[in-house]
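> Sequence plus the predicted model coming up.
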Amino acid sequence: MNTELLRRRLEKRGFHVLAEQDGRNLKVLLEQFHPDLILMDLSLPDRDGWELTQEIKSQESTAQIPIIAVTAHAMVGDREKALAAGCDDYESKPVDFPVLIDKIESLLRKKKSSKKAP
């Protein structure tokens with residue numbers, strides 16, 4: 001339900017959203033769709049989001065994709081653990097939507113400007 005609500009709100013803001021809750025399909029989806037950004041739930045039912053993030057960031061073809069951890073893990077140290085796993089930012093649940101939008105837009109601007117750099 002949280003995924004669906006977040007998807008609808010992002011689409012209303014003009015984002016194209018592909019929601020996938022099965023981490024086993026992630027590699028195929030990344031190759032097929034080449035996302036500009038990933039919102040990673042760190043508690044997926046079938047795979048560990050921490051490991052998936054490390055896997056994405058370790059592959060040359062996907063390492064440049066910004067990842068924001070969106071998670072219920074909100075204990076002391078969880079933000080640092082997510083960043084150490086390779087996430088570019090972190091947002092705990094319940095999601096503060098305006099803050100999340102700011103983080104998304106900031107990471108997308110940074111990615112776009114890094115593509116222009118020589």
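Now that the structure is in, tell me what you want to look at.

> what's across from the residue positioned nearest the centre of the chain in the sheet?
By CA atoms, centre = their mean, the chain has its centre lying nearest to Leu39, at 2.3 Å. Under the criterion DSSP bridges, Leu39 forms beta bridges with Ile68.

> if I look at it, how far off is Glu60?
22 Å (CB to CB, to the nearest Å). C-betas here are computed from N, CA, C, even on glycine.

> Thought Glu20 was touching Leu26, still the case?
Yes: Leu26 is within contact range of Glu20, at 6.9 Å (criterion: CB atoms under 8 Å).

> hmm, who's touching the helix or strand of the chain with the lowest mean pLDDT?
Scoring the helices and strands of the chain by mean pLDDT, DSSP states H and E places helix 26-33 at the bottom, with a mean of 86. Contact partners of helix 26-33, identified using CB atoms under 8 Å, 6 or more residues apart in numbering, comprise Leu18, Glu20, Arg47, Leu52, Glu55, Ile56, Ser61, Thr62, Ile65.
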